[in-house]
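S.K.: Here you go, sequence then predicted model.
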Amino acid sequence: QVQLVESGGGLVQPGGSLRLSCAASENIVSINAMGWYRQAPGRQRELVADITRGGSTNYADSVKGRFTISRDNTKNTVFLQMDSLKPEDTAVYYCKADNVVYTMRTIQFWRSDLWGQGTQVTVSS
């Protein structure tokens, strides 16, 4: 089974910080870009930040200067450090991987993208 597993969500007060992690299953050989998306109730899923394999980053205007995305290519893991959190950051956060190569029983497969199951982030006093 090929999957991404997010962790690190929770409840935090405004102005606080959280660090999200997304780990790829061990049968994933390589990933191109990785990113974080979020979806608040009644709203469409939106890009928060993404990062290429080479380390180039891109952020939504609403999180620039507050969030930092990073990755560990050796472990196919991506992180999102969220500081100065605001109530409007409340959402389910999803990890996404692009151009995923993985193995199952020694056979290599490719898929264009892969999503995690999501982790809830709630910013409230």
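M.R.: Noted; the coordinates are in hand.

S.K.: ok, Glu46 touching Trp36?
M.R.: No - with contact defined as CB atoms under 8 Å, Glu46 does not reach Trp36; the gap is 10.1 Å. The way it works is simple: take the backbone N, C-alpha and C, and place the C-beta from them, glycine included.

S.K.: Among those two, which residue is more densely surrounded?
M.R.: Looking at Glu46 and Trp36 with other CB atoms under 10 Å, you find the greater number of neighbours at Trp36, namely 27 against 12.

S.K.: and whichever helix or strand the more buried one is part of, average pLDDT?
M.R.: Using DSSP states H and E, Trp36 falls within strand 34-39. The pLDDT scores in strand 34-39 average 98.

S.K.: likewise stretch 99-112?
M.R.: Per-residue pLDDT over stretch 99-112 has a mean of 93.

S.K.: now do the same end-to-end measure for that stretch.
M.R.: One end of stretch 99-112 sits 5 Å from the other (CA to CA, to the nearest Å).

S.K.: Please apply the same query to stretch 109-120.
M.R.: Using CA to CA, the two ends of stretch 109-120 sit 30 Å apart.

S.K.: Can you tell me what sits against that stretch?
M.R.: Outside of stretch 109-120, the residues that reach it under the criterion CB atoms under 8 Å, 6 or more residues apart in numbering are 2-10, 20, 22, 39, 92-103.

S.K.: So for it, what gets flagged as buried?
M.R.: Buried residues in stretch 109-120, counted by 16 or more other CB atoms under 10 Å: 114, 116, 118-119.
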